[in-house]
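[1] Take a look and give me a structure for this.
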Amino acid sequence: MSHWGMFTAESVAGEVTAVHPYEGDSNPSPMLGNFAGSVRSRSRVAGPAVRRGWLENGPGPTEKRGSDEFVSVEWDELTELLSRELRRVVDTHGNNAIFGGSYGWASAGRFHHAQSQVHRFLNQLGGYTKSVHSYSLGATGVIMPRVVGTHSQLFERSTSWDVIAQHSDLLVCFGGVPIKNTGVNAGGTSEHPTRGAIDAFRRRGGKIVSISPLRDDLDGECDWIAPIPGTDVAIMLALAYVLASEGLHDIAFLNRYCVGYERFEEYLLGRSDGIAKDPHWAQEISGIPAETLVDLARRMAAGRTLVSVTWSLQRIKHGEQAPWMGVTLAAMLGQIGLPGGGFGHGYGSMNEPGMTSIPYPLPTFPQGRNPVTDFIPVAAVSDLLLSPGEDFDYDGRRLTYPDIRLVYWAGGNPFHHHQEIPRLRRALARPDTIVVHDPYWTPMARHADIVVPSTTSFERSDLSCTRNDALLVAMHQVTEPFAGARDDYETFAALADALGFGDTFTEGRSSQQWIEHLYGQWQPSVDADGGNTPSFEDFWADGHYRMRTRGDEVLFGDFRENPEKYPLGTPSGKIEIFSETIESFGYDDCVGHPRWYEPDEWLKGSRAEAFPLHLIANQPKTRLHSQLDHGAVSQASKIHGREPIRMHPDAAAERGIVGADVVRVFNDRGACLAGVVVDADLHPGVVQLATGAWYDPLDPADPDSLCVHGNPNVLTPDVGTSLLSHGCTGQHVLVQIEKFEGELPPVRAFDPPVLNPR
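    Model (predicted):
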């Protein structure tokens, strides 16, 4: 099992040579093709390594990270060096001086999940400063609990695809439903239902409106509306204005199930600020004709309509507003809680939304309790490292950045996730020590002081299951560990033993004994529901066990049926179109109701004079984030070894650029190279460059150096969505593009550093 789906693998001489998707998967992910050759890739970390400057001079801030050479050490020496440094930091600076970053998807396994392993270890060491929420959902994770009382249920208990296919008349999809993103599911999946469900919906006569600057954000037939990027909230407000002004809104629903609509309507109709948010107002902002918006609003009110907002819409400045306004628009239609109507968040953002959930807890490696209370929003890593002792606002609280001396990272590559890489590199120069566990020489591993070689999921056994997939899967080891790689569990067990809590960390169990133990903990809840689970031995031999799911689900169906019995988790128990709580925080950039804020980076702003193209840095088609960028599927998409960038024919012609040219993409933050694909299926002022190309600076010693491979995060601004959530804003950025002249520099992203002997 992998994040891309369930499969069987073939191997020869310690290398995966082929994978075969699970025969029950109706639409397996093509990204499975990245696995062949991944175990013995030249990018593998072959053994423990320590940066020479750290080894010779000791821990301390340095600008050499990312350009210094590495020295090979033996495992015993690595354990001694690392345990001694951990003890020094804890004894001298306290546990809150350790940042347990470890953000990323890592392994699909329930036991060998890198974040679970490192967090259990750090908790038993005495705790660590943590991060909360995710780069994908930083704004949503804060705003949605304030508005509808939950965050996770929007995905775990979303209206299922079968219900949509049977009951919806119209899908209005802000950000489309990008099928490419549904290839992945955190922890694995045995089925990819999105394409089949949309096909069934269309066969029944359902219609789709995709509102996105990119035509391929929705496959197949649809009404495509291509606005100026970042203007979705203005469009939603105009649709709401038509509903309110023409009496098409459901006042009875708003009165019974919502609070604060009257306050919002004052703003919507312009009574509070003198600006009516009507379709003509929205046309000036979005570029979408007023008559198109009027017609769409009337269509939405005429049948069973589901308003969908992708995760991408909240990865911009003021990203809280789009999902909040999407809920408000759906509430005005009065169809929340009805089959096929209401609101959805994340359809097409990954595979989970639309799949029915399992009613059992998952087998979980216990992490214990973190005694340290310091934390940051996940996208504030650079702020944390650069601003020790400074105060910051977050969700109504005033917090302080602790003084981080050691960064411990296991599972993840922040050079993919985090904005403004030049600033990130300067931030990573500040701690005393950076420790990275990774199977590959990723950019984060190259910026470490201590590099710990981890195994891949092919080199170990595990369990896999997720909260929205019926199969518990036995993940059998395929190959022996590569070179000097070890499971993270073995590494942490040795460190824990050196630090005096080895028995507490392992509880006397080997990896395989832990897997059997987790299975045994999972069994009773399933059997109590009539599951009749097999013995572990029989399960392991059979390879999987199918659980019961809850069946067809309708988001907030119980709440609609009986709001008194099933209230939402908000202060009012209802949908909070106006939030007294948020209003009380006094934030200028996120007031008590959804509203339009002009973006910092957009085609009608002043920055567009210098940087006239709007770059959308979305998720790639050929890999998950940056994982396996060296794989065959990802590599096949490159142009002259660079990440492809799509340009509209008009924008390309204006600059004398043709397909397959290599171009320099730049702004006042940085620059990268990319290979051009000319494509008319995007807004004329838009270019699209996927995230995830491994950062590859022309001069590794210079934080401002050109990335020769095409990582858009050298361009994106490192600012949060708002004071409320500090979510990631890395989806949108203004740039200029010019044809690259001269000899192309080589791509060295996948070449391991030269390791010198001890």
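[2] for the nearest residue to residue 612 once chain neighbours are set aside, helix, strand, or coil?
    Counting by Cβ to Cβ, 6 or more residues apart in numbering, residue 612 lies nearest to residue 736, which is 6.6 Å off, once chain neighbours are set aside. The C-beta positions use only the backbone N, C-alpha and C, and glycine is treated the same way. Under DSSP: H, G, I helix; E, B strand; the rest coil, the three-state class of residue 736 is strand.
[3] pLDDT weak spots in the stretch 151-300 of the chain?
    Applying pLDDT under 70 to the stretch 151-300 of the chain flags no residue at all.
[4] hang on, residue 243 packs against residue 253?
    No. With contact defined as Cβ atoms under 8 Å, residue 243 does not reach residue 253; the gap is 11.9 Å.
[5] residue nearest the centroid of this protein?
    residue 136 (3.4 Å; Cα atoms, centre = their mean).
[6] mind checking how far it is from residue 350?
    Per Cβ to Cβ, to the nearest Å, residue 136 is found 8 Å from residue 350.
[7] check contacts around the residue nearest to residue 612.
    610-613, 665-667 (Cβ atoms under 8 Å, 6 or more residues apart in numbering).
[8] gap between the two ends of stretch 162-177?
    16 Å (Cα to Cα, to the nearest Å).
[9] go on, stretch 14-26?
    30 Å.
[10] Pull out the buried residues from that stretch.
    15-16, 19, 21-22, 25 (16 or more other Cβ atoms under 10 Å).
[11] so how far is that stretch off the chain centroid?
    Centroid separation between stretch 14-26 and its chain, computed with Cα atoms, centre = their mean, to the nearest Å, is 25 Å.
[12] Run through the stretch 1-150 of the chain and note the low-pLDDT ranges.
    Those would be 1, 106, if you go by pLDDT under 70 across the stretch 1-150 of the chain.
[13] again, only using 80
    1, 104-107 (pLDDT under 80).
[14] Strands of that one, start to end?
    7-12, 15-21, 49-51, 70-72, 98-100, 130-132 (DSSP state E, counting those that start in this stretch).
[15] Which neighbouring elements make contact with the fifth one?
    Read it as strand 98-100. In this structure, strand 98-100 makes packing contacts with helix 75-93, helix 114-125, helix 381-386, strand 406-410, judged by 3 or more Cβ pairs under 8 Å, 6 or more residues apart in numbering; DSSP states H and E.
[16] Out of those, which is closest to residue 724?
    Between residue 724 and the helices and strands packed on strand 98-100, the shortest gap by Cβ to Cβ is with helix 381-386, which sits at 15.5 Å.
[17] chain center to the closest one: distance?
    So, by Cα atoms, centre = their mean, the centroid of helix 381-386 is 20 Å from its chain's centroid.
[18] hey, C-alpha coordinates of the helix or strand following it in PDB?
    Next helix or strand after helix 381-386 toward the C-terminus (DSSP states H and E): strand 391-394. Provided in PDB are the C-alpha atoms of strand 391-394 (Å, rounded to 0.1, in the frame of the first residue of the first chain):
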ATOM      1  CA  ASP A 391       5.300  37.700  19.900                       C
ATOM      2  CA  PHE A 392       2.700  36.900  17.300                       C
ATOM      3  CA  ASP A 393      -1.100  36.600  17.000                       C
ATOM      4  CA  TYR A 394      -2.800  33.400  16.200                       C
END
